[in-house]
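In: Got a sequence here, can you build the structure:
(chains A and B)
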2 protein chains.
Amino acid sequence: MERPLTTVDVVIFTVLDGQLQVLLVRRPDGPEEPFPNAWALPGGFVDVRRDDSLESCARRKLLAKTGVSSPYLEQLGSWGGRARDPRGWSATHAYFALLPADCVQLKQEEGKFAQWHPVNELPPGQPLAFDHAGILQAALERLRSKVEYTSLPAFLLPEPFTLPQLQKVYEIVLGRPVDKSGFRTRALAAGFLDEQGLLDVGSPRPAMGYRLKDRAAAVYFPRPFSPRSS
Amino acid sequence: MERPLTTVDVVIFTVLDGQLQVLLVRRPDGPEEPFPNAWALPGGFVDVRRDDSLESCARRKLLAKTGVSSPYLEQLGSWGGRARDPRGWSATHAYFALLPADCVQLKQEEGKFAQWHPVNELPPGQPLAFDHAGILQAALERLRSKVEYTSLPAFLLPEPFTLPQLQKVYEIVLGRPVDKSGFRTRALAAGFLDEQGLLDVGSPRPAMGYRLKDRAAAVYFPRPFSPRSS
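Out: Here you go, the predicted model:
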C-alpha cells in the first residue's frame, strides 16, 4: 500500500524588537518544487535512518536552522490529507518552540533563506506554503491560551531577566497590558523563578534578576494572573 | 527516501454500567503479526486512495468498529519513532471519541474481536499492543483535564438526559463527587443544553430532559464548576 509522505514542521517563536516573531524560511526555487520561493515554516521529511522519533526529528530541524539544541518544545498537532502537498498524500507533525532571540544563529543553508517575521506583519501578498498559515494560527492560539496560567513566555527571554521584563513579554504575547501587582504575586508564587542577584538596569535602583529553574518544562499556575474575560 | 508507516488510532470512550470504558480490539493472530492476540486501540493504516484527510481516516475506522458516523472527535496527538512497531519506523495520529453506549453496534470484523473495557480494569497481565497504553493514558488525562470546564462528558450520554444523570457522568469521569448546586448553575449558564420536556424518571416528580444544542463541538465554561484544587 502506498505510504503517505511524513514531515515535521516547527513553529519557532521569539520576542525581538518588542514583537512576537516567527521564523520563516524561503522555499527553494525550481519547476519541480512545491510552492517555489514561498515563505514556509522550517521543517521537512522524517529521515528514518537519522531520526529516532518525531520529537528528535523536530529537534534536528530546529538545530539545523537556529543552532539551538534545547528550546522549549511542545507538540502542536498533525495536519494530513490528500490536498495539502502537490507531491502526494502527506501528513505533517507540527511542534512549536520558544527561544530567546539572542541565542539563535540563523543558519542559511541550501539556499533556504531564514528570517524572523513579526506574527502581526507577515509578508504581504505572499501566502505561506502548504497549510502553514493554518498551522501558525493554531500555534498562536495555543501559545496565547496558555499565557495567563503558565510560565511559557519566560522561555522567550534571555537570562537573567527582571520581573518588569518578564511582564513585558507576557504583554507582548497577549497583546494587552496586565495588572502589575497581580502579575508579580502570581509569578513569584508559582515557583518557576530562581533569583540570580541584582542587575544594573540603568535606573537608580538595581532590580532582581531571575532565571528559569527548569528550561525543559513549563510550570502551570493554579489560577490565571489576571481575571479572565469570559 | 523510505517513508514511515502512517496509521491512525482512535481512543473511543463511553460510560457503561456506571464506569468510563474504552473500546479495545484483539490484534489478529499469526507469526507475521505484531503483538498477536494483544488488546489494542482500534485503528490502522491510512489508505491514501480512500481517506481524504487524517480526520476522515479516523471517522472511517470509528464507523467500521462502532457503526457511529458522527461522534465527538478530537485530535489527541501523534506518536512516532523507530521502535514502536516491529514492522518499521511508524507514526500514528491519535484521536479520541466520546459516544453514548446505546448507539454503538460493535462490528466484529476480520476476526478483530472488539470489546468495551472499564478504564480502571484493563485486562490483567496483558499489556496493550504498541505504545497504546501511553496513548490511552494521554487520552484519559486530556479528558479529565477538560471535564470541569467543558461540556465534554455530555457526549457520553444518550439523549434526553436529566441534570442528575449528567452530573453522574461528570462524577464518573472525574472519579469523585461534585457539588450539586454549583454543577446545576454552571451547566445551565454555559448554554449548551436544550430543554426537551419533562421525563418520567421513576420518581414522584418528573424531571426536565435535556439534549446538546450541538453534538459536533464542545462548549467551554468561563469558570470550572467546582473550585479547582491547586
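
In: What is the least confident helix or strand in chain A?
Out: helix A:180-189 (a mean of 89; mean pLDDT, DSSP states H and E).

In: Next, see if that helix gets close to chain B.
Out: No - looking at helix A:180-189 against chain B by C-beta under 8 Å from any C-beta of the partner chain, there are no contacts, and the closest approach is 10.2 Å. The C-beta positions use only the backbone N, C-alpha and C, and glycine is treated the same way.

In: Can you name every helix or strand that that helix contacts?
Out: helix A:163-174 (3 or more C-beta pairs under 8 Å, 6 or more residues apart in numbering or on different chains; DSSP states H and E).

In: for the record, mean pLDDT for the helix it packs on?
Out: What helix A:163-174 shows for mean pLDDT is 95.

In: okay, the angle between the longest strand belonging to chain A and helix A:163-174?
Out: Determined from DSSP state E, the single longest strand within chain A is strand A:5-16. Counting by axes from the mean of the first three to the mean of the last three C-alpha atoms, to 10 degrees, strand A:5-16 points 130 degrees away from the direction of helix A:163-174.

In: Just want the angle from the longest helix belonging to chain A to helix A:163-174.
Out: Counting by DSSP state H, the longest helix found in chain A is helix A:132-147. With the same axes, to 10 degrees applied, the angle from helix A:132-147 to helix A:163-174 works out at 140 degrees.

In: Do helix A:132-147 and chain B come into contact?
Out: No - counting by C-beta under 8 Å from any C-beta, chain B is not contacted by helix A:132-147; separation bottoms out at 10.2 Å.

In: Residues of chain A that sit close to chain B?
Out: So chain A meets chain B at A:1-6, A:45-49, A:51-54, A:56, A:75, A:77-83, A:88-89, A:91, A:93, A:222-223, A:228, A:230 (C-beta under 8 Å from any C-beta).

In: In helices, which of these fall?
Out: Per DSSP H, the residues of chain A next to chain B map to helices at A:54, A:56.

In: Can you turn the buried part of the residues of chain A next to chain B into a PyMOL selection?
Out: To isolate the buried members of the residues of chain A next to chain B in PyMOL, using 16 or more other C-beta atoms under 10 Å in any protein chain shown:
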select buried, chain A and resi 3+4+5+6+45+46+48+51+53+54+77+78+79+80+81+89+91+93
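
In: wait, what's in contact with A:His132?
Out: Residues near A:His132 by C-beta atoms under 8 Å, 6 or more residues apart in numbering or on different chains: A:9, A:40-41.

In: swap the cut-off to 10 Å and go again
Out: Contact partners of A:His132, counting by C-beta atoms under 10 Å, 6 or more residues apart in numbering or on different chains, are A:9, A:11, A:24, A:35, A:38-41, A:43, A:79, A:84, A:92, A:94.

In: do A:Val10 as well
Out: A:23, A:41-44, A:57-62, A:65-66, A:71, A:73, A:76, A:93-97, A:135, A:139.

In: do A:Leu193 as well
Out: Contacts of A:Leu193 by C-beta under 10 Å, 6+ apart are A:151, A:154, A:160-161, A:163, A:166, A:187, A:208-213, A:219.

In: Check A:Leu122 too.
Out: By C-beta under 10 Å, 6+ apart, the neighbours of A:Leu122 are A:22, A:24, A:39, A:128, A:133, A:136.

In: Now which of the contacts of A:Leu193 would you call buried?
Out: So, of these, A:151, A:154, A:160-161, A:163, A:166, A:187, A:209-212, A:219 end up buried under the neighbour-count rule (16+ other C-beta under 10 Å).

In: would JSON lines of these with secondary structure be doable?
Out: Compiled in JSON lines, those are given as follows (DSSP: H, G, I helix; E, B strand; the rest coil):
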{"residue": "A:Ser151", "secondary structure": "coil"}
{"residue": "A:Ala154", "secondary structure": "helix"}
{"residue": "A:Pro160", "secondary structure": "coil"}
{"residue": "A:Phe161", "secondary structure": "strand"}
{"residue": "A:Leu163", "secondary structure": "helix"}
{"residue": "A:Leu166", "secondary structure": "helix"}
{"residue": "A:Ala187", "secondary structure": "helix"}
{"residue": "A:Gly209", "secondary structure": "strand"}
{"residue": "A:Tyr210", "secondary structure": "strand"}
{"residue": "A:Arg211", "secondary structure": "strand"}
{"residue": "A:Leu212", "secondary structure": "strand"}
{"residue": "A:Val219", "secondary structure": "coil"}
